[in-house]
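Undergrad: Quick check, what structure comes out for this input:
(chains A and B)
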Amino acid sequence: NAGVTQTPKFQVLKTGQSMTLQCAQDMNHNSMYWYRQDPGMGLRLIYYSASEGTTDKGEVPNGYNVSRLNKREFSLRLESAAPSQTSVYFCASTGGSGANVLTFGAGSRLTVL
Amino acid sequence: AQSVSQHNHHVILSEAASLELGCNYSYGGTVNLFWYVQYPGQHLQLLLKYFSGDPLVKGIKGFEAEFIKSKFSFNLRKPSVQWSDTAEYFCAPYTGFQKLVFGTGTRLLVSP
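TA: Sure thing, here's the model as predicted:
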């Protein structure tokens, strides 16, 4: 049981490049989330998907897009990366009997030069 | 909008010292409360949670937290910390709408 799997683990981009962070969960969870973690700022919600077919903005959605491809997968896309998007990104999911308890992926460290 | 405040950003303790990390949230309705922990180089994992019932909840590794509704607080405690408790701790109230709001975190360093 892998839980939440994120790829890639590390990525370096140049300003203006695009990329997609992939996230998949195998726990049959309904809700999935993308957070970014920056020093001294905790985790801030970028986007979330309460269920398959729906997505909503979180606290810091600007510069990002998401796709809930199916129940398992929730991707985060940076269309034109900026240095301010240098961060560690975490995908998480919740649902079922453990409602509201988040299971996190291992994180993706993104550096934008 | 709901918010959460963690008062201590950095805490340094010696082994066997007692720990209390403060957490206050602003939300007047029913709230579920969580503490998550992030050990160095690892992802976040659940430390403990409060949904209802006994306001004193116990989590993993000897941690506990007390929900005080009148103070909108959910402070984390441990009577005697160990070096392995060195980590960052996040308070997170869930107030509905499928969103969990995280505090800014408290970095705990326990010296042996």
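Undergrad: Tell me the spacing between the residue nearest to residue A:60 when sequence neighbours are not counted and residue B:100.
TA: With CB to CB, 6 or more residues apart in numbering or on different chains as the measure, residue A:44 is the residue that lies nearest to residue A:60, at 5.0 Å, once sequence neighbours are left out. Placement of C-beta: from N, CA and C, glycine included. Distance, residue A:44 to residue B:100, using CB to CB, to the nearest Å: 11 Å.
Undergrad: likewise residue B:13?
TA: In this view, residue B:13 and residue B:100 are 27 Å apart by CB to CB.
Undergrad: Residue 53: neighbour count?
TA: Unless you meant another one, I'm taking chain A. Residue A:53 is flanked by 9 other residues according to other CB atoms under 10 Å in any protein chain shown.
Undergrad: Please refer instead to chain B.
TA: Summarising burial for residue B:53: neighbours were counted as other CB under 10 Å, giving 8.
Undergrad: Phi and psi next, for it.
TA: Main-chain torsions, residue B:53, degrees, to the nearest 10: phi 90, psi -140.
Undergrad: Can you check the pLDDT for it?
TA: You'll see residue B:53 listed with a pLDDT of 90.
Undergrad: repeat for residue A:106
TA: As summarised for this prediction, residue A:106 has a pLDDT of 92.
Undergrad: My understanding was that it contacts residue A:10; is that so?
TA: No. Between residue A:106 and residue A:10 no contact is recorded; they are 11.0 Å apart, counting by CB atoms under 8 Å.
Undergrad: more crowded one of those two?
TA: Here residue A:106 and residue A:10 are set side by side on neighbour count (other CB under 10 Å), and the busier one is residue A:106, at 15 against 9.
Undergrad: List the residues that contact residue 17.
TA: As the question left the chain open, I've gone with chain A. Residue A:17 makes contact with A:80, A:81, A:112, according to CB atoms under 8 Å, 6 or more residues apart in numbering or on different chains.
Undergrad: try again with chain B
TA: Applying CB under 8 Å, 6+ apart, the residues contacting residue B:17 are B:80, B:81, B:110.
Undergrad: What strand or helix carries the second one?
TA: Yep, that's residue B:81 we're talking about. Assigned by DSSP states H and E, residue B:81 belongs to no helix or strand.
Undergrad: quick one: it and residue B:16 touch, right?
TA: Yes. Under the criterion of CB under 8 Å, residue B:81 makes contact with residue B:16 at 7.1 Å.
Undergrad: which of these two has more neighbours?
TA: Taking residue B:81 and residue B:16 together and counting by other CB under 10 Å, residue B:81 has the greater number of neighbours (22 against 10).
Undergrad: So which of residue B:13 and residue B:100 has more stuff around it?
TA: A count of neighbours by other CB under 10 Å puts residue B:100 above the other of residue B:13 and residue B:100, at 25 against 17.
Undergrad: Looking at the contacts of residue B:17, spot the one nearest chain A.
TA: Proximity of these to chain A (CB to the nearest CB) peaks at residue B:110, which lies at 19.9 Å.
Undergrad: Residue A:31: neighbour count?
TA: Using other CB under 10 Å: residue A:31 sits among 24 other residues.
Undergrad: Am I right that it is in contact with residue A:103?
TA: No. Using CB under 8 Å, residue A:31 and residue A:103 do not qualify as a contacting pair, with a distance of 10.7 Å.
Undergrad: what do the two both touch?
TA: Residues within reach of residue A:31 and of residue A:103 at once, by CB under 8 Å, 6+ apart, are A:93, A:94.
Undergrad: Contact partners for the most centrally placed residue in chain A?
TA: To find the centre residue of chain A, average its C-alpha atoms and take the closest one (CA atoms, centre = their mean): that gives residue A:34, at 2.9 Å. Applying CB under 8 Å, 6+ apart, we find residue A:34 in contact with A:21, A:23, A:45-48, A:58, A:64, A:66, A:74, A:76, A:89-92.
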